[in-house]
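S.K.: Provided below are the primary sequence and the corresponding predicted coordinates.
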Amino acid sequence: MTTPAITAQPAIKVSGLRKSYGKKTVLDGVDLTVPAGTVFALLGPNGAGKTTIVHILSTLVAADGGTAEVGGYDVKKDADGVRSSIGLTGQFAAVDGILNGQENLMLMARLRHLTGPQARERVAALLEQFDLTEAARKPLATYSGGMKRRLDLAMTLVAAPRIIFLDEPTTGLDPRSRHTMWEIIRDLVANGTTIFLTTQYLDEADELADKIAVLDNGRIVAEGTPDELKRLVPGGHIRLRFPDAAGLAKAAGLLKDSTPDGDALTLEVPSDGGVGSLRSVLDRLDTARLEVDDLSIHTPDLDDVFFALTGQKKGTEE
């Protein structure tokens, strides 16, 4: 997770956002605040409205109601101001397959009205930053999926936007490429950029996000840090392993609602994962002079949170 460089003015502020397509309500009064210099992750099942929010905040789609400010600009009243502050990378790399990597970046630089020297300097810096210098003049057909996604993000950064929307940025990438993208995102945030991330990978949100919101049926059903969200879901426990069956039996009688496993000589004790809960268990074992061979703390992960809050079953594809 990043160490955010938070400033007083939020990068994004949304209040009562509404959007419908025909009779289908996609967004039903969404409120969001994204502090500057952080990674904000929006999770939700397909059709929950994640991409619609990104499109509204990036001025591609008009909302039916509510207000939204991005970079201090009202998305409805000052769309040009919003566009000058943001970058947007979608689920698929928006690169021109006819051009090579360097040409793609140069095209974007000219579209952003950089002069010749400015464009060449910026393009060279981005090629180096994204480890694309050697491939700069090679055809796009020779690029891997990860290289294309890096080039796509580099094109987004030509104008050095303060706020970047990443809509499913690592979809289809192999694990190595995903981790490379994560490092790039961390570096951007460390330098003060705000990242608004939608992702289908819950481990990605857990790894990167300072704050997460879960969207379901057009509404925000939970919001907080990854650890705060995990504490919303029951199932956390402390697992204790004892040297013998006698110790296990005595501990099981001492700790209410615990679940013993005689074969493994372990005892699972319900816990919220906090220090207080752990200290209470250890103090009671110490008072009873019970020896423990091993101890581990288990808490629900974001998969558990997601499935509990959205009503989906574990194993269901998002």
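M.R.: Structure's in. What do you need? Numbering: from 1, shown residues only.
S.K.: Could you check how far Ala249 is from Ile86?
M.R.: From Ala249 across to Ile86, the span is 62 Å (C-beta to C-beta, to the nearest Å). Placement of C-beta: from N, CA and C, glycine included.
S.K.: Helix or strand: which one has the most far-flung residue of the chain relative to its centre?
M.R.: Distance from the centre of the chain peaks at Ala246, with 46.1 Å (C-alpha atoms, centre = their mean). In this assignment (DSSP states H and E), Ala246 forms part of helix 245-254.
S.K.: do Val281 as well
M.R.: Residue-wise, Val281 maps onto helix 275-287 under DSSP H and E.
S.K.: Quick check: closest non-adjacent residue to Phe242.
M.R.: Leu248 (4.4 Å; C-beta to C-beta, 6 or more residues apart in numbering).
S.K.: what sits against the most centrally placed residue in the chain?
M.R.: When C-alpha atoms, centre = their mean is applied to the chain, the residue found nearest the centroid is Ala205 (3.0 Å). With contact set as C-beta atoms under 8 Å, 6 or more residues apart in numbering, Ala205 has these partners: Ala41, Leu43, Leu197, Thr199, Ile212, Pro226, Leu302.
S.K.: can you pick the most crowded of these?
M.R.: The residue in those with the most neighbours, by other C-beta atoms under 10 Å, is Leu43 (29 neighbours).
S.K.: what bridges to that one?
M.R.: Beta-bridge pairing for Leu43 (DSSP bridges): Val214.
S.K.: circling back: my read is the residue nearest to the centre of the chain is in a strand, agree?
M.R.: No - going by DSSP: H, G, I helix; E, B strand; the rest coil, the assignment for Ala205 is helix, not a strand.
S.K.: Spatially, what comes nearest to it if we skip its sequence neighbours?
M.R.: Of all residues not flanking Ala205 in the chain, Ala41 sits nearest, at 3.9 Å (C-beta to C-beta, 6+ apart).
S.K.: and what of Thr193?
M.R.: Counting by C-beta to C-beta, 6+ apart, Thr193 lies nearest to Ile164, which is 6.0 Å off, once chain neighbours are set aside.
S.K.: Let me know the secondary structure of that neighbour.
M.R.: strand.
S.K.: And for it, the neighbour number?
M.R.: Using other C-beta under 10 Å, Ile164 has 22 neighbouring residues.
S.K.: If it is in a bridge, with which residues?
M.R.: Using DSSP bridges, the beta-bridge partners of Ile164 come out as Gly87, Ile195.
S.K.: Does it touch Gly87 like I think?
M.R.: Yes - with contact defined as C-beta atoms under 8 Å, Ile164 counts as touching Gly87 (4.5 Å).
S.K.: Pull up the overlap in contacts between the two.
M.R.: Common contacts of Ile164 and Gly87 (C-beta under 8 Å, 6+ apart): Thr156, Leu157.
S.K.: which stretches of the stretch 1-150 of the chain aren't confidently modelled?
M.R.: Across the stretch 1-150 of the chain, the ranges flagged by pLDDT under 70 are 1-8, 91-94.
S.K.: Spell out the residue ranges of the strands in it.
M.R.: 12-21, 24-34, 39-43, 65-70, 73-74, 86-89 (DSSP state E, counting those that start in this stretch).
S.K.: I'd like the distance from the longest one to the chain centre, please.
M.R.: Spelled out, that is strand 24-34. 18 Å (C-alpha atoms, centre = their mean, to the nearest Å).
S.K.: Please name every helix or strand in contact with it.
M.R.: Applying 3 or more C-beta pairs under 8 Å, 6 or more residues apart in numbering; DSSP states H and E, one finds that strand 24-34 makes contact with strand 12-21, helix 50-57, strand 211-216, strand 219-224.
S.K.: who wins for proximity to Leu153 among these?
M.R.: Closest approach to Leu153 among those (C-beta to C-beta): helix 50-57, 15.1 Å.
S.K.: What lies in contact with that closest one?
M.R.: 12, 14, 17, 19, 26-27, 30, 32, 42-44, 61-63, 68, 70, 75, 82, 86, 88, 165, 167, 196, 198, 215.
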